[in-house]
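Chemist: I would like to see how this sequence folds:
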Amino acid sequence: MDTLYIVLNIIIMLALIGILFYMQKKHVSFGKRVFTGLGLGILLGTFLQLAYQPDSAIVSTTTEWYNIVGRGYVSLLMMIVIPLIMVSIIQSIINLEKSAELGKMSAWIIGILVTTAMVAAIVGIISANLFNLDASQIEAGQAENDRGIALEERLGTVEDLSIPQQILSFIPSNPFADMTGARATSTIAVVIFSIIVGVAVLGVRRKQPEHAAKFVSGVNAIYAVVMRIVTLILRLTPFGILGLMANTVASTDVAGILELGKFVGASYVALLAMFVIHLILIAVFGLNPLTYLRKVLPVLGFAFTSRSSAGTIPLNISAQKNSLGVDEGSANMSASFGATIGQNGCAGIYPAMLAVMIAPSQGIDPLSPGFIAQLVLIIGISSFGVAGVGGGATFAALIVLSSMNLPVALAGLLISVEPLIDMGRTALNVNDAMVSGTLTSRIMKKLNLKTFNNPSAIEKEVGM
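Modeler: Residues are numbered from 1 along each chain as shown. Predicted structure coming up:
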């Protein structure tokens, strides 16, 4: 009987895929198809929640089949991340008018990422205090205790790495190993290696222009092929979001969310507040925040459902260049750096809220100026260094809590709502990367305002 239900669920998924495919054939806009996939995924996941138990064998097997659509799409995106970063950054550097622009561009991007992470920490502190969050009010079950023990075990590996050691790990000692994603810092290492290659080409161009011309020609040819692959993969976005969202909703622990509803609410209030601050920054630099919002929503929708900043890099770069009018260099570097450095959700809001929750259990006043100043400073530093250890929000929390001399095991209390909160955190992380690229391009007077104000720019470029 279970097999019959599983087959029925698969048929429903295929029917919904057929709807999205029909919309594509009718040339319905890319954005509308993305959010149709999101809505259909929510409905399908809700149906599975109501028809079966979330932890049942039927749901488990069904979601495995759905993963072919959802996680399969994420895998395709991850496949193209390294080639895209390498070729795009090398090409953008060899097209720079002045090599000095590279340093200025990088400084602005990293500066915006880290500064907004510190602002995000303040927002997290305010939200946690407004909702009066206190870790001692949450009951710990077996799963929470097990999670706490696991966090304490991980802490040892995190504490062994100082900030200088984390930064040192960015430097590629074996770029070919980093191209396989062998380390937590592989993405940053590939970025640095690509920058070095690009700068080397600029030097060769001055002394041996004929060799440089051959290399540039080859890079341009590879770039054209890579971008075509990106275009083909991006066309699958609505289908990927359908599968991801259906699985997320189907396997959501509703009881856990209800129990920790106050923390979930406080988290999303903070995330939304920081998102508004991003839009205010866009407006301060003379750009229409509503136009920006319309352009980035499909990318944020995917980031929300996939919970993968790295997997969103191809969408991020494409949207910045083709929809927002960001220059190639700023788009490539902001998307690459933003996937690991200065993450507003994972490295800013989340560890700040945890610290405020846990502080009262240690007899510390979370509203004291000294505590707040120390917390914001540590988050600013660790938001850069988190990339050195990898692991996203968990490692960010471990670094911040241990630096504040707070027990990390209490972070295990939130295990049941972690996926739900992580969806919003990832969307905010990706948006911060896009904001940093847009503002940097604007500051360096390279932003194409005609493209920024064209509502259908990305759809024409991607062939949607």
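
Chemist: need the pLDDT of Val430.
Modeler: pLDDT recorded at Val430 is 94.

Chemist: was I right about it contacting Ala319?
Modeler: No: the criterion here is Cβ atoms under 8 Å, and Val430 misses it with Ala319 at 9.7 Å. (C-beta placed from N, C-alpha, C; glycine too.)

Chemist: find residues that contact each of those two.
Modeler: Both Val430 and Ala319 are contacted by Val299, under the criterion Cβ atoms under 8 Å, 6 or more residues apart in numbering.

Chemist: these two: who's more crowded?
Modeler: Val430 (31 against 28; other Cβ atoms under 10 Å).

Chemist: show me what the strand or helix carrying Ser334 is packed against.
Modeler: Under the criterion of DSSP states H and E, Ser334 resides in helix 328-338. Packing partners of helix 328-338 (3 or more Cβ pairs under 8 Å, 6 or more residues apart in numbering; DSSP states H and E): helix 57-94, helix 100-130, helix 186-207, helix 313-322, helix 418-443.

Chemist: need the next SSE after it, C-terminal direction.
Modeler: On the C-terminal side of helix 328-338, the closest following helix or strand by DSSP H and E is helix 350-358.

Chemist: packing partners for that next one?
Modeler: Looks like helix 350-358 contacts helix 100-130, helix 261-284, helix 369-385, helix 392-403 (3+ Cβ pairs under 8 Å, 6+ apart).

Chemist: let's go with 6 Å and repeat that
Modeler: Helix 350-358 sits against helix 100-130, helix 392-403, with contacts defined as 3 or more Cβ pairs under 6 Å, 6 or more residues apart in numbering; DSSP states H and E.

Chemist: chain center to that helix: distance?
Modeler: With Cα atoms, centre = their mean, to the nearest Å as the basis, helix 350-358 stands 20 Å off its chain's centre.

Chemist: what does that helix rub up against?
Modeler: Outside helix 350-358, the residues that touch it by Cβ atoms under 6 Å, 6 or more residues apart in numbering are 121, 124-125, 128, 133, 135, 366, 375, 393, 396-397, 400, 404, 406, 410-411.

Chemist: at 8 Å instead, please
Modeler: By Cβ under 8 Å, 6+ apart, helix 350-358 touches 120-125, 127-129, 133-135, 263, 266-267, 270, 366, 375-376, 379, 382, 393, 396-397, 399-401, 404, 406-407, 410-411, 414, 421, 425.

Chemist: buried among the residues you listed? Make that a PyMOL selection.
Modeler: Of the contacts of helix 350-358, the buried ones can be selected in PyMOL as follows, counting by 16 or more other Cβ atoms under 10 Å:
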select buried, resi 120+121+122+123+124+125+127+128+133+134+135+263+266+267+270+366+375+376+379+382+393+396+397+399+400+401+404+406+407+410+411+414+421+425
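
Chemist: any low-confidence regions in this protein?
Modeler: Counting by pLDDT under 70, the chain has low-confidence residues at 1, 97-99, 136-163, 166, 184, 255-259, 385-392, 410-413, 415-416, 457-464.

Chemist: give me the element the residue nearest the centre of it is part of.
Modeler: Residue closest to the average C-alpha location in the chain (Cα atoms, centre = their mean): Ser309, at 2.4 Å. Using DSSP H and E, Ser309 maps to neither a helix nor a strand.

Chemist: from Lys25, how far off is it?
Modeler: 32 Å (Cβ to Cβ, to the nearest Å).

Chemist: host element of Leu133?
Modeler: Judged by DSSP H and E, Leu133 forms part of no helix or strand.

Chemist: chain neighbours aside, what residue packs nearest to it?
Modeler: Met357 (4.5 Å; Cβ to Cβ, 6 or more residues apart in numbering).

Chemist: for Ile378, same thing?
Modeler: Ile378's closest residue in space is Ser403 (Cβ to Cβ, 6+ apart), at 4.8 Å.

Chemist: I figured Leu398 hits Val408, correct?
Modeler: Yes: counting by Cβ under 8 Å, Leu398 touches Val408, with 5.6 Å between them.

Chemist: of those two, which one has the most company?
Modeler: Leu398 (25 against 22).
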